[in-house]
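Colleague: I would like to see how this sequence folds:
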Amino acid sequence: MIEGMSVPPPLFKPVGDAALLVSFEQRIDEQINRRVHALASSLLREPIPGLGEAVPAYSSVLVHYDPLRISLSEVIQHINQLAYAPQADNLAAQKLVEIPTVYGGSRGPDLEGLARKRALSVDEVIALHSRVEYQVYLIGFTPGFAYLGSVDERIASPRLETPRLSVKAGSVGIAGRQTGVYPVDSPGGWQIIGWTPVRLFDPQRTPPSLLEPGDRVRFVPISEKELANGFTGT
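Modeller: Predicted coordinates:
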């Protein structure tokens, strides 16, 4: 496991006859998530015959395997060896990405309502959202969509009761204590508080996703004027 990390041992739950769910704890926690990705990375680096894809989430890894080539007990044995073996932090090469963001107005239609519900000013919400350095916990939902956490509990907000049929790519939203940027136009129910010109997903780019698990993200408030002048955050 990652040095200095103290978390409970993994729990194993068969998923059908060809997959195993490896869970550490059912909560969003930075150290637990780092252990999840360390295990997924180790499974990729040290494969054994019969093992398939390892899919990491917040606090668990779904491990696919071929039951005709390897038994469930052998899969668990291999995972236990990797989970407890001393190893380097596989997320040590994380990068910090600054995302310029225009908050409010037509680009952040839910910002004012969120501020009223939390008895805060719009400027206070922006300050609380942009002062945090967020961790990328996982990529999912749509290609390149990074789940970031955790927002200050004072601006944590539930999803919309009725999701929008279309949310513009670049929209910055909050759902619970998560925040994120929609990488492509798609339906969505997150509270939209701003928009960024940064392209989070580009199939012509290598890798296509700008963000990867373990990366850090900071939102940088900019004005409409700065946006019009081509502000890139660099």
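Colleague: the closest residue to residue 153 other than its chain neighbours: how many residues sit nearby?
Modeller: Once flanking residues are discounted, residue 153 sits nearest to residue 177: 6.6 Å by C-beta to C-beta, 6 or more residues apart in numbering. Backbone N, C-alpha and C define where each C-beta goes, glycine included. When neighbours are counted by other C-beta atoms under 10 Å, residue 177 registers 15.
Colleague: you'd agree residue 177 is up against residue 148?
Modeller: No. The criterion here is C-beta atoms under 8 Å, and residue 177 misses it with residue 148 at 9.9 Å.
Colleague: so which elements touch the lengthiest helix in the chain?
Modeller: Among the segments of the chain that qualify as a helix by DSSP state H, the longest is helix 30-45. Applying 3 or more C-beta pairs under 8 Å, 6 or more residues apart in numbering; DSSP states H and E, one finds that helix 30-45 makes contact with strand 51-56, strand 60-65, helix 72-84, strand 134-139.
Colleague: switch to 10 Å and redo it
Modeller: Packing partners of helix 30-45 (3 or more C-beta pairs under 10 Å, 6 or more residues apart in numbering; DSSP states H and E): strand 19-23, strand 51-56, strand 60-65, helix 72-84, strand 134-139, strand 146-149.
Colleague: mind checking which of these is nearest residue 35?
Modeller: In terms of C-beta to C-beta, the element of those nearest to residue 35 is helix 72-84, at 7.9 Å.
Colleague: so the closest one versus strand 60-65, what angle?
Modeller: 140 degrees (axes from the mean of the first three to the mean of the last three C-alpha atoms, to 10 degrees).
Colleague: quick one: helix 72-84 to strand 19-23, angle?
Modeller: Using the same axes, to 10 degrees: helix 72-84 against strand 19-23 is 30 degrees.
Colleague: tell me which helix or strand comes right after helix 72-84.
Modeller: On the C-terminal side of helix 72-84, the closest following helix or strand by DSSP states H and E is strand 96-103.
Colleague: remind me which residues of the protein are low pLDDT?
Modeller: 1-8, 85-93, 231-234 (pLDDT under 70).
Colleague: okay, which residue is most central for it?
Modeller: residue 147 (2.5 Å; C-alpha atoms, centre = their mean).
Colleague: ok, now which ones touch the closest residue to it other than its chain neighbours?
Modeller: For residue 147, ignoring the flanking residues on the chain, the nearest one in space by C-beta to C-beta, 6+ apart is residue 137 at 4.8 Å. Residue 137 is in contact with 28-30, 32-34, 36-37, 56-59, 146-150, 178, 180, 213-214, counting by C-beta atoms under 10 Å, 6 or more residues apart in numbering.
Colleague: rerun that using 7 Å as the cut-off
Modeller: Each residue near residue 137 by C-beta atoms under 7 Å, 6 or more residues apart in numbering is listed here: 28, 33, 58, 147, 149, 213.
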